[in-house]
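A.B. asks: Quick one, what's the 3D model for this:
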Amino acid sequence: MKHYTFFFSRNIALFCGFMMSVYSFAATPVTTVAWNGYSGAVSFTFDDGLGSQITNLKPMLDQMDDVHVTLFVTGAYAFNQNKTGFAALAKAGHELGNHSASHPYLTQGANLATEVTGFIQTIKNVDPVVEVTTFVTPYCSSNDNVKNEVNKNHFMLRNCGGQGLFSWGQEPDWMNMDSHYWQGNLATSTGHLNSAAGGKWHVHLSHGVGGDWDIISTNDLKSLIQTARDKKLWMGSYSEVGAYYRAHFTMDKAQSTATSDGFKVTWTSPHSAMPKSVPLRVKIDVSSVGSGAVVEQKGKVISPESDGSYIIEFMALELDVKKSGSQPSSSTSVPESSSSTGITSSASAQSPFSGSPIAIPGTLEMEDYDLGGADEAYFDSDDVNEGAADATTPYRNDGVDVGGNAGENAVVGWTAAGEWLEYTVNVLSTGIFEFTAYVATSQDGSTFHIEIDGTDVSGEVAVPNSGDWNEYTTVKGTTQSISAGSHILRFAIDQPSFNIDKIEFVASGTHKVNQNLNYQTTGMVKYEIFDLKGHLLMQKNSMNQNVNQVWKNMNKSLSNGTYLIRYSENGKKYKTQKVYKTSL
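C.D. replies: Just a heads-up that it's a prediction; the model follows:
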């Protein structure tokens, strides 16, 4: 009996020792450094997408490399008129967040899908670098239905009304995050920054900067930023600090498993809408693999910082710690710190496709976008030319979706929101231009706009449903005044799914019709002229397919002005376009 007891006790001891050995590899060897190594953090957030945030805030931020802020934009105010300025802020590392499509009370019968989720793509369309990961409720009005809708596509929801202070070790309600609403009390806000320096994150809420409403003056804002510097606070955007904060609750619980030459740590993302890249400063216990340990993420070796910490990519969702001398794993992609910009390719300097700028007034063939490659002359959502499969001699050999053969009527199609094409143009004389785009789609809701040197000059243009992808119709618009000389014209797709053949530009006041019908001359064409109130003025049947010639023959008895011409052949679908008679 004593022998059995000894045997049992001895094996229990051995078993416990074995289990302790196993679980030494199942510990949590990675610890996130609080607030990225700063004394605390502060995020300056600005709501409503106001003009003063471009005219007064942006110049200030352009001089401050150590500050990243968040601008929560809505379609209700000045965002649509200042997209170029907000795009520039996004490119500089500042965050564009979601503040709803029209700024309603979300708890009072608003269409939550439209207001919350539906506005995401509009913000993303500002520039390919934009990620939309956080949301702010208008009027701080929220309930469970609002939270559920926000949670589908955002990893944090910011409300308002308190001190806006968060402790490192206490996980908050991510769909009900507090913030301090600026109401002109500099001493109160300075006090919150002092509190943040004790190891907390402060979220500060403002609206107008030196203008608009709920105004914070530029001097008060500069004072708060200087206080944050003096207190050694991390001044990151709301998403930047919030993602770091949320990631640490996952990272610091991640378990390790033994490998043949060290150990591996794996984890899962806490939310599907986390930013694509979340760099974390961490401490890693490498004592179990000895001195000279190698830290890797998917084959990429991570070198230690001067203080012994490591900057890892949280969204890689794994890391390996290996003994010195171990061979690196085969390399796979690890998310970079910057946002994805679509296709990668070797790009050269941007230049006109034909060797010379496209003249305006004139015709811009969509397939003749500039040379220079992805992210320089164009942005496409993938690197596959969807139109090349059906072409024996593809017109272009890059990632833009161009249908048709070289030497034939090539068109751009398979369009996706956020894509763009650029063209070097030469504007012959300063002025306003009328444009006609030749488009086709079997869907509703497609839109685009035109930019000159980064400035929207057309506003959003709706593409009509032509009934078929090969049934082209026209849509017209007017530009703002464009100065004479060389420019970069960007054709930007706001809402997807249409084909486009070309855009014709004419100087305002010298309008002409130069469209020919795409019919054979075997049928009779019916032409009708209407005034702008829809009154039929005259009609004519003709074998002539040239709309311009027919219009000139029919308008002799008409006064100078604007009219509508409608035409169809043998009962086919009517086409209508605006025409002009002038004395020029």
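A.B. asks: Mind telling me what element N145 is part of?
C.D. replies: Element membership for N145, per DSSP states H and E: helix 144-151.
A.B. asks: just how off-centre is the helix or strand following that helix within its chain?
C.D. replies: Of the helices and strands lying after helix 144-151 in sequence (DSSP H and E), the nearest is strand 156-158. Centroid displacement of strand 156-158 relative to its chain, using Cα atoms, centre = their mean, to the nearest Å, is 19 Å.
A.B. asks: Not counting its neighbours along the chain, what's nearest I450?
C.D. replies: Counting by Cβ to Cβ, 6 or more residues apart in numbering, I450 lies nearest to S458, which is 4.1 Å off, once chain neighbours are set aside. The way it works is simple: take the backbone N, C-alpha and C, and place the C-beta from them, glycine included.
A.B. asks: For burial, what's the neighbour tally of that neighbour?
C.D. replies: Neighbour count of S458, defined by other Cβ atoms under 10 Å: 19.
A.B. asks: Run a quick check on it versus G477, I expect a contact.
C.D. replies: Yes: S458 is in contact with G477 according to Cβ atoms under 8 Å; the separation is 5.2 Å.
A.B. asks: so what sits against both of these two?
C.D. replies: Counting by Cβ atoms under 8 Å, 6 or more residues apart in numbering, the common neighbours of S458 and G477 are F435, I450.
A.B. asks: what residues are up against L319?
C.D. replies: By Cβ under 8 Å, 6+ apart, L319 lies in contact with V30, K264, V265, I284, V295, E296, Q297, I302, I312.
A.B. asks: Checking my notes, the residue nearest to I450 in a strand, right?
C.D. replies: No: under the criterion used here (DSSP: H, G, I helix; E, B strand; the rest coil), S458 is coil, not part of a strand.
A.B. asks: Distance of it relative to F505?
C.D. replies: Separation of S458 from F505 (Cβ to Cβ, to the nearest Å): 11 Å.
A.B. asks: overlap in contacts of the two?
C.D. replies: Residues within reach of S458 and of F505 at once, by Cβ under 8 Å, 6+ apart, are F435, T479.
A.B. asks: Can you list phi and psi of Q53 for me?
C.D. replies: Backbone torsions of Q53, given as degrees, to the nearest 10, read phi -70, psi -20.
A.B. asks: May I ask you to confirm that N219 belongs to a strand?
C.D. replies: No: judged by three-state DSSP, N219 forms no part of a strand; its state is helix.
A.B. asks: what's the distance between it and H204?
C.D. replies: Note on N219: its distance to H204, by Cβ to Cβ, is 16 Å.
A.B. asks: Settle it for me: which of the two has more neighbours?
C.D. replies: Neighbours were counted for N219 and for H204 using other Cβ under 10 Å; H204 has more, 24 against 9.
A.B. asks: pLDDT at that one, what is it?
C.D. replies: For H204, the pLDDT comes out at 97.
A.B. asks: which element is it on?
C.D. replies: In the assignment (DSSP H and E), H204 maps to strand 200-206.
A.B. asks: could I get that strand in PDB with only the CA atoms?
C.D. replies: Taking C-alpha atoms only, strand 200-206 is exported to PDB below (Å, rounded to 0.1, in the frame of the first residue of the first chain):
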ATOM      1  CA  LYS A 200      -5.700  57.700 -19.900                       C
ATOM      2  CA  TRP A 201      -7.100  58.500 -23.300                       C
ATOM      3  CA  HIS A 202      -9.100  61.800 -23.700                       C
ATOM      4  CA  VAL A 203     -11.600  62.200 -26.600                       C
ATOM      5  CA  HIS A 204     -12.200  65.900 -27.400                       C
ATOM      6  CA  LEU A 205     -15.200  67.000 -29.500                       C
ATOM      7  CA  SER A 206     -15.400  70.300 -31.400                       C
END
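A.B. asks: what's next to that strand, contact-wise?
C.D. replies: 35, 40-47, 158, 160, 163-168, 177-182, 189, 192-193, 195-196, 214, 216, 221, 224, 233, 238, 241, 245.
A.B. asks: Looks to me like P59 is in a helix.
C.D. replies: Yes: according to three-state DSSP, P59 belongs to a helix.
A.B. asks: What distance do you get for it to A440?
C.D. replies: P59 is 44 Å from A440, where distance means Cβ to Cβ.
A.B. asks: quick one, which of those two is more surrounded?
C.D. replies: More crowded of P59 and A440, by other Cβ under 10 Å: A440, with 21 against 10.
A.B. asks: residues contacting that one?
C.D. replies: Counted by Cβ under 8 Å, 6+ apart, A440 has contacts S466, D468, W469, N470, E471, Y472, T473, F498, N499, I500, D501.
A.B. asks: looking at it, D320 is touching K300, isn't it?
C.D. replies: No: with contact defined as Cβ under 8 Å, D320 does not count as touching K300 (10.3 Å).
A.B. asks: Compare these two and say which is more crowded by neighbours.
C.D. replies: Using other Cβ under 10 Å, the more surrounded residue of D320 and K300 is D320, with 23 against 17.
A.B. asks: Look at that one and give its secondary structure.
C.D. replies: Assigned by three-state DSSP, the conformation of D320 is strand.
A.B. asks: so what's it closest to, chain neighbours aside?
C.D. replies: Nearest to D320 is E296, by Cβ to Cβ, 6+ apart, at 4.6 Å.
A.B. asks: Might you report the residue contacts of F433?
C.D. replies: Applying Cβ under 8 Å, 6+ apart, we find F433 in contact with I360, P361, T478, T479, I482, F505, V506, A507, S508.
A.B. asks: Dump those residues to JSON lines, plus pLDDT.
C.D. replies: Formatted as JSON lines, the contacts of F433 follow (pLDDT from 0 to 100):
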{"residue": "I360", "pLDDT": "90"}
{"residue": "P361", "pLDDT": "87"}
{"residue": "T478", "pLDDT": "89"}
{"residue": "T479", "pLDDT": "90"}
{"residue": "I482", "pLDDT": "91"}
{"residue": "F505", "pLDDT": "92"}
{"residue": "V506", "pLDDT": "89"}
{"residue": "A507", "pLDDT": "82"}
{"residue": "S508", "pLDDT": "76"}
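A.B. asks: Pull out the buried members of those residues.
C.D. replies: For these, a burial check counting by 16 or more other Cβ atoms under 10 Å picks out I360, P361, T479, I482, F505, V506, A507.
A.B. asks: next one: phi and psi at the third one?
C.D. replies: Note on T479: its backbone torsions stand at phi -90, psi 170 [degrees, to the nearest 10].
A.B. asks: Please apply the same query to the fourth one.
C.D. replies: For I482, the backbone dihedrals are phi -120, psi 130 (criterion: degrees, to the nearest 10).
A.B. asks: ok, back up a step: my guess is the residue nearest to D320 contacts S303, does it?
C.D. replies: No: E296 lies out of contact with S303 (Cβ under 8 Å); the separation is 10.7 Å.
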